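Student: Below: sequence and its predicted model.
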2 protein chains.
Amino acid sequence: MVEISDVRAAADRIAAFVRCTPVTTSRSIDVRVGARLHFKCENLQRGGAFKFRGATNAVRSLEPTVASRGVATHSSGNHGAALALAARERGIPAFVVVPQSAPRVKRAAIAAYGATIVDCEPLLADRIATVERVVAETGATLVPPYDDDRVIAGAGTAALELIDELDGALDAVWAPVGGGGLVSGTAIVVAALVPSAATVAAEPAAADDAARSLATGVIQPSEDPSTIADGLRTSLGERNFAVMRRHDVRVVTTSEEAIVAALRLIWERMKLVVEPSSAVPLAAMLEHPELVRGKRIGVILSGGNVDVATLAPHFG
Amino acid sequence: MVEISDVRAAADRIAAFVRCTPVTTSRSIDVRVGARLHFKCENLQRGGAFKFRGATNAVRSLEPTVASRGVATHSSGNHGAALALAARERGIPAFVVVPQSAPRVKRAAIAAYGATIVDCEPLLADRIATVERVVAETGATLVPPYDDDRVIAGAGTAALELIDELDGALDAVWAPVGGGGLVSGTAIVVAALVPSAATVAAEPAAADDAARSLATGVIQPSEDPSTIADGLRTSLGERNFAVMRRHDVRVVTTSEEAIVAALRLIWERMKLVVEPSSAVPLAAMLEHPELVRGKRIGVILSGGNVDVATLAPHFG
């Protein structure tokens, strides 16, 4: 299992490549929620999401001869773009299996970073079969989007920077949960550096597989859920689930209406373009202010890769 | 005429109230333009625009007995919101004359900051007549949106921070021009601190009154122009025009198509919510890359107060 030392090693390994993203605040949102929120702006990360941290850690961990054959993954978007960018920077090929249902902006980003895109059907089983075929044909190294120790350690570096910037003065860190890469990396860091603080995972009520998984003790599949937060439709990974249980991560769910309201607050008050997944923690706080009232909360804005034209009708 | 010493005095006066906004870069936009661009993020300024600097400088310049009667202005939006916020922070009333055509988001911001909103017709003459009536009735001090020395000095503090952060390593600073508050303040600072650098004003070709004014040597009115850049529809102020002429500010115009393309680049690549006016300098560079190729350019992103729902059709 990933330890804080692995996250620190990842931070050293990726320091020259990732952006130390800003932490920002909003007085008007603080008033609305009744807490002091510190937003870690991973939407401003290279590649447009925290995913670049894990992808870079994985790519930079490979021995040269292995690396030269490239890397491969399946991804609903951000991890694919992140891996493509990380591979291009190391000068190695990337093969990205992308479901045909992925947003235009995310497909375009992957292509712009020079990866070879391999189309597949949207179901997880189709993605896995396709990427296994690609790996067999090319000799590329599989870098899964979240269920991977290198990816978890890399994702944890966002919380490392956040806690460092705030000198540990936090009562909790909230992050969205899809596959669990961000939340598991975050939980490892929070538990090690601020043991008194909680790690809270926020997810759409319409894709509440993480809540059901923790409640039952067994990973519950997420079966084609309908939520605007397209980055959170995946099921939890095994490693991610194990870390979440070990560190008592709590899951809070939220409605689609609250996600849109939170998204709009972040766009209009903070002037930040974030994708719907990034708004899920704030949405959960707006619906459950009693969980955060009077507290100092870190919030990880996970990414900003969004097709404005697609999203606009929700802002009408 | 405003001097660099006035801008420095303004910086000291407003330091405790304004945000020192970040300066950010985008590799992909640099590649597109062929220059190194440093964006000063005044969309992240309090009140959502650089206008808060000038408004705060004006409000904090008033003697207590004068201040207690409040401040008044007419504004298409951002200056009104900025003055409302600056007045609230000093605990004095603000009266803001707002044309009925102003965007919903901007009206809402003014109201949210506690100002008294006075409706008027959209023409400049109507606005001036209405604000003069308000001043006569209340004893409030008029704080014009741009044609005012305190406002110009305050606006110049954005360029002061930008140049300071980059240690003066700039070949030019570009800013949008409407009434000319931002550009005149910027020109004063650039001329004093980096005399080798140019100040460039960008405006929509559909609202090219600044270009026509400089060409003819006489302020040309902007008569109800049709541009998406709603913050740039006003005519130049007398003081602003004089400063622009004194410091040889060049005006570059740009098409509506380029403004939308630049707006989209800033939203999708930089993940920043900016209003269309903020995209006008980048738009002008995209259309005239020969003006900036190989250079180090500061760009002031003037504001981020935009109604996403209204803007969305342009992103289709």
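Tutor: Everything's here; your move.

Student: Just give me the neighbour total for the closest residue in space to A:Ser277 that isn't next to it in sequence.
Tutor: Here the nearest residue to A:Ser277 in space, its sequence neighbours aside, is A:Gly231; by C-beta to C-beta, 6 or more residues apart in numbering or on different chains that works out to 3.6 Å. Placement of C-beta: from N, CA and C, glycine included. A:Gly231 is flanked by 27 other residues according to other C-beta atoms under 10 Å in any protein chain shown.

Student: and if you look at A:Gly91?
Tutor: Neighbourhood size, A:Gly91 [other C-beta under 10 Å]: 8.

Student: next one: A:Ala198
Tutor: Residues near A:Ala198, counting by other C-beta under 10 Å, number 20.

Student: now do A:Glu121
Tutor: 13.

Student: Next up, the contacts around it.
Tutor: A:99-100, A:127 (C-beta atoms under 8 Å, 6 or more residues apart in numbering or on different chains).

Student: most surrounded residue in those residues?
Tutor: For these, the largest number of neighbours (other C-beta under 10 Å) sits with A:Arg127, at 22 neighbours.

Student: From chain B, how far out is that one?
Tutor: As judged by C-beta to the nearest C-beta, to the nearest Å, A:Arg127 and chain B stand 25 Å apart.

Student: Need the three-state assignment for the closest residue to chain B within the stretch 51-200 of chain A.
Tutor: Residue of the stretch 51-200 of chain A nearest chain B, by C-beta to the nearest C-beta: A:Val105 (6.6 Å). Using DSSP: H, G, I helix; E, B strand; the rest coil, the three-state assignment for A:Val105 comes out as helix.

Student: Identify the spatial nearest neighbour of it, chain neighbours not counted.
Tutor: In space, and not counting its chain neighbours, A:Val105 is closest to A:Asp307: 4.4 Å by C-beta to C-beta, 6+ apart.

Student: cool, and A:Val189?
Tutor: Closest residue in space to A:Val189, ignoring its immediate chain neighbours: A:Ala159 at 4.1 Å, by C-beta to C-beta, 6+ apart.

Student: which other helices and strands contact the helix or strand that that neighbour is a member of?
Tutor: Element membership of A:Ala159, judged by DSSP states H and E, is helix A:149-165. When contacts are defined as 3 or more C-beta pairs under 8 Å, 6 or more residues apart in numbering or on different chains; DSSP states H and E, helix A:149-165 sits against helix A:4-14, strand A:36-41, helix A:51-61, strand A:172-176, helix A:181-193, helix A:238-246, strand A:296-301.

Student: Recalculate using a threshold of 7 Å.
Tutor: Secondary-structure packing of helix A:149-165 (3 or more C-beta pairs under 7 Å, 6 or more residues apart in numbering or on different chains; DSSP states H and E): helix A:4-14, strand A:36-41, helix A:51-61, helix A:181-193, helix A:238-246.

Student: in it, what's buried?
Tutor: The neighbour-count check on helix A:149-165 (16 or more other C-beta atoms under 10 Å in any protein chain shown) flags A:149-163, A:165 as buried.

Student: got it, and stretch A:91-106?
Tutor: Per 16+ other C-beta under 10 Å, stretch A:91-106 contains these buried residues: A:92-99, A:102-103, A:105-106.

Student: Among the residues you listed, which lie within helices?
Tutor: When DSSP state H defines the helices, the subset of the buried residues of stretch A:91-106 inside them is A:105-106.

Student: and the two most separated of the buried residues of stretch A:91-106?
Tutor: Taking C-beta to C-beta as the measure, those span a maximum distance of 25.9 Å, between A:Ile92 and A:Pro103.

Student: Looking at the contacts of A:Glu121, which is nearest B:Glu203?
Tutor: Set against B:Glu203, the nearest of the contacts of A:Glu121 by C-beta to C-beta is A:Gln100 (43.4 Å).

Student: Right, and chain B sits closest to which residue of chain A?
Tutor: Closest approach between chain A and chain B, counting by C-beta to the nearest C-beta: A:Ala312, at 2.8 Å.

Student: so that residue touches B:Ala309, yeah?
Tutor: Yes: if you go by C-beta atoms under 7 Å, A:Ala312 and B:Ala309 touch, sitting 6.4 Å apart.

Student: Comparing these two, which residue is more hemmed in?
Tutor: More neighbours surround A:Ala312 than the other of A:Ala312 and B:Ala309, with 18 against 15 (other C-beta under 10 Å).

Student: helix, strand or coil for that one?
Tutor: helix.

Student: Just give the closest residue to it, not the sequence neighbours.
Tutor: Nearest residue to A:Ala312 in three dimensions, chain neighbours excluded: B:Ala312, at 2.8 Å (C-beta to C-beta, 6+ apart).

Student: Can you name the residues of chain A sitting close to chain B?
Tutor: Within reach of chain B by C-beta under 7 Å from any C-beta of the partner chain, chain A has these residues: A:22, A:43-44, A:48, A:105, A:267-268, A:271-273, A:304, A:308-309, A:312, A:315-316.

Student: on that earlier part again, roughly how far apart are the residue of the stretch 51-200 of chain A closest to chain B and B:Lys271?
Tutor: 11 Å (C-beta to C-beta, to the nearest Å).

Student: and what of A:Pro221?
Tutor: Applying C-beta to C-beta, the value for A:Pro221 to B:Lys271 is 32 Å.

Student: Just want to know which of the two has more residues nearby.
Tutor: Using other C-beta under 10 Å as the criterion, A:Pro221 and B:Lys271 rank with B:Lys271 on top: 26 against 12.

Student: okay, now the closest residue to the more buried one other than its chain neighbours: neighbour count?
Tutor: Counting by C-beta to C-beta, 6+ apart, B:Lys271 lies nearest to A:Gly304, which is 3.6 Å off, once chain neighbours are set aside. By other C-beta under 10 Å, 27 other residues sit near A:Gly304.
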